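Enquirer: please work out how this folds:
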Amino acid sequence: TDSQVMSQTTGRCEGCMGTCYDILGQIISILDVITDVIVCVGFYNDDRMAFFGISISILILACVAYDIAFIMRFADGNASETAFLMAVLLPLSPLLPFVFFFTDSRDSCLAVWLRHHFCNFHLNFDAKTHDSKASKLRQFMEAKMSKHFGFIIEALVEAFPQAILQLIAIVVYKETNLISIVSILLSMLSVSSKSFVLSIATAINLKQLFYNWLSAITDFFGIFFAVSWVFYVPENEQLQPFFQLIQNIFIYKLYVTEFAMIAFCSVGLHIAAIYDVNRHEVRGTIGC
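Expert: Here you go, the predicted model:
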């Protein structure tokens, strides 16, 4: 029937779009990490040790984040076994995002290989069950977040801070090169592509999804704009007081609005979580 043909066509289109997203997401993440490493080496060669130290620290932090995420998701052993596994995986941590991607099923080739060669560790590659009653957007988000979890960590922990650092270096030293520009653009693409999946969490339809996604991208570009103004020092001394005023406004705005809002939301969510836990405990006690 026409409805069956339409359903099959829609399913094929969704599968094709999902595959394209998987391929492009991996390519962007790989190129982004490569260019970030090249820029980090460039900081060292140009004797910009402060930027080199911060850049290498971000790369190390990303590796540790991959390790912790792998342990939390797949490790089922005791504390000593988990600590030893973390030490073993640390040199291999740049490859862990691909482990998240290719172990979405217990019977996948990589999951079977890891269970065989890491048999001394208790690894659980059972796929998480998804709510079959959820909307297609929600199911898509859960599936992509599960497969791209390592690349999402890369975008948030490594790509975004590296892009800010590289932009600061360009503004401070007033020097640009092709690899830095490409690296920043790739970081922007990486964060934008991963924020698309995260935007589905708060969307109930396609219109709200694209609104959330475009809002996240706008905030991302706004941060770059703010960094450019804050760290820029004009060569004309007559303009320096005006730029200093703009820098102070941005800094006070950061302290008064952003930090205060983050603190308020964090404390509010913490209090709400404690209240919810206590309410369930009281209900359980009354029920007993």
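Enquirer: what does stretch 176-183 rub up against?
Expert: Contacts of stretch 176-183 from elsewhere in the structure, counted by Cβ atoms under 8 Å, 6 or more residues apart in numbering, are 32, 35, 36, 38, 39, 42, 162, 163, 166, 169, 170. (Glycine included, C-beta is placed from N, CA and C.)
Enquirer: please, which helix or strand holds the residue lying closest to the fifth one once chain neighbours are set aside?
Expert: Distance criterion Cβ to Cβ, 6 or more residues apart in numbering; nearest residue to residue 39, sequence neighbours excluded, is residue 183 at 5.2 Å. Element membership of residue 183 [criterion: DSSP states H and E] is helix 178-199.
Enquirer: which SSE is immediately downstream of that helix?
Expert: Once the chain leaves helix 178-199, the next helix or strand it forms, by DSSP H and E, is helix 206-231.
Enquirer: re the thing from before, neighbours around the residue nearest to residue 39, how many?
Expert: By other Cβ atoms under 10 Å, 26 other residues sit near residue 183.
Enquirer: that one and residue 151, how far apart?
Expert: Residue 183 sits 17 Å away from residue 151, going by Cβ to Cβ, to the nearest Å.
Enquirer: and residue 82, by the same measure?
Expert: Taken as Cβ to Cβ, the spacing of residue 82 relative to residue 151 amounts to 23 Å.
Enquirer: and these two? which has more neighbours close in?
Expert: A count of neighbours by other Cβ under 10 Å puts residue 151 above the other of residue 82 and residue 151, at 27 against 16.
Enquirer: quick one: residues contacting the more buried one.
Expert: Applying Cβ under 8 Å, 6+ apart, we find residue 151 in contact with 25, 26, 29, 97, 100, 101, 190, 194.
Enquirer: the second one and residue 100 touch, don't they?
Expert: No. Judged on Cβ atoms under 8 Å, residue 26 makes no contact with residue 100 at a distance of 11.2 Å.
Enquirer: who has more neighbours, those two?
Expert: residue 100 (22 against 16).
Enquirer: could you pull out the helices in the chain for me?
Expert: 2-45, 49-74, 79-89, 96-102, 109-117, 136-147, 149-153, 160-173, 178-199, 206-231, 240-253, 260-287 (DSSP state H).
Enquirer: which among the ones you listed is found nearest to residue 124?
Expert: Comparing these by their distance to residue 124 (Cβ to Cβ), the top pick is helix 49-74, with 5.9 Å.
Enquirer: and the angle for that closest one with helix 136-147?
Expert: With axes from the mean of the first three to the mean of the last three Cα atoms, to 10 degrees defining the directions, helix 49-74 sits at 110 degrees from helix 136-147.
Enquirer: so which bits of helix 49-74 are buried?
Expert: 51-52, 54-55, 58-59, 62-63, 65-67, 69-71, 73-74 (16 or more other Cβ atoms under 10 Å).
Enquirer: how distant is it from the center of its chain?
Expert: 12 Å (Cα atoms, centre = their mean, to the nearest Å).
Enquirer: who does it touch, helix- and strand-wise?
Expert: Judged by 3 or more Cβ pairs under 8 Å, 6 or more residues apart in numbering; DSSP states H and E, the packing partners of helix 49-74 are helix 2-45, helix 79-89, helix 96-102, helix 149-153, helix 160-173.
Enquirer: and the angle for that helix with helix 79-89?
Expert: The directions of helix 49-74 and helix 79-89 differ by 130 degrees, with the same axes, to 10 degrees as the criterion.
Enquirer: now helix 49-74: average pLDDT?
Expert: When pLDDT is averaged along helix 49-74, the result is 89.
Enquirer: same check on stretch 110-123?
Expert: 73.
Enquirer: just the CA trace of that stretch, in CSV.
Expert: Presented in CSV, the C-alpha positions along stretch 110-123 are these (Å, rounded to 0.1, in the frame of the first residue of the first chain):
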residue,chain,number,x,y,z
LEU,A,110,35.1,-4.7,18.7
ALA,A,111,33.1,-5.7,21.8
VAL,A,112,33.9,-9.4,21.3
TRP,A,113,37.6,-8.5,20.6
LEU,A,114,37.9,-6.4,23.8
ARG,A,115,36.2,-9.1,26.0
HIS,A,116,38.7,-11.7,24.6
HIS,A,117,41.9,-9.6,25.0
PHE,A,118,40.8,-7.8,28.2
CYS,A,119,39.4,-11.0,29.8
ASN,A,120,41.2,-10.2,33.1
PHE,A,121,38.9,-7.2,33.5
HIS,A,122,35.1,-7.3,34.0
LEU,A,123,33.8,-5.3,31.0
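Enquirer: list of residues touching that stretch?
Expert: 74, 75, 76, 77, 81, 85, 99, 102, 103, 105, 125.
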